[in-house]
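A.B. asks: show me how the following folds:
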Amino acid sequence: MKSDAMLTQLGYVPNTALIEQLDRIEKNTVGYEKIQKHIMDLHNHLKVDDAYVAMSNSNDCFKIKIDSTSPEMAEDAHEKVQRFSDKFKVTLNKLDNKETYYIVGFNH
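C.D. replies: Numbers count the residues shown, from 1 in each chain. So this is what the prediction gives:
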């Protein structure tokens, strides 16, 4: 998938800085080529739960942010994230005391 298309699907307006950031994220994410499509699918599945995949502002990686307004939606989003991780062998780091995960990469 081209950088512009990926950024657009994630809700960004592509520009040089964002394309460069996406390039760093792709290089920093272990096995990115194996999980790229699954990251986009997860983003689409999480929308109904007020959750999404975005580029981290502080690290060169994707983050999964759960902004659900109800406990049921948040629980559903966390379950989707766990299924994504288990099914596609994706290593995640959950931030302490936050509804945020970092996507580390493909776990061989």
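A.B. asks: ok, and what's touching the helix or strand D41 falls within?
C.D. replies: Under the criterion of DSSP states H and E, D41 resides in helix 32-46. By C-beta atoms under 8 Å, 6 or more residues apart in numbering, the residues outside helix 32-46 that reach it are 1, 6, 9-10, 25-26, 29, 52-53, 62, 64, 66, 77, 80-81, 84, 88, 90, 103, 105-106. C-beta: built from backbone N, CA, C; applies to glycine.
A.B. asks: and F62, how far is that from N97?
C.D. replies: From F62 across to N97, the span is 20 Å (C-beta to C-beta, to the nearest Å).
A.B. asks: near E72, how many other residues are there?
C.D. replies: A count of neighbours around E72, defined by other C-beta atoms under 10 Å, yields 10.
A.B. asks: can I get the top strand by length along the chain in CSV, CA atoms only?
C.D. replies: The residue-count maximum for a strand in the chain (DSSP state E) belongs to strand 100-106. Only the C-alpha atoms of strand 100-106 are listed here, as CSV (Å, rounded to 0.1, in the frame of the first residue of the first chain):
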residue,chain,number,x,y,z
THR,A,100,-3.2,2.7,24.5
TYR,A,101,-1.1,0.0,22.9
TYR,A,102,2.0,0.3,20.8
ILE,A,103,2.4,-2.1,17.9
VAL,A,104,6.0,-3.5,18.2
GLY,A,105,5.8,-5.8,15.2
PHE,A,106,5.4,-9.4,13.9
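A.B. asks: quick one: average pLDDT of it?
C.D. replies: Taken as a whole, strand 100-106 has a mean pLDDT of 96.
A.B. asks: on contacts alone, who are the packing partners of it?
C.D. replies: Packing partners of strand 100-106 (3 or more C-beta pairs under 8 Å, 6 or more residues apart in numbering; DSSP states H and E): helix 32-46, strand 62-66, strand 90-94.
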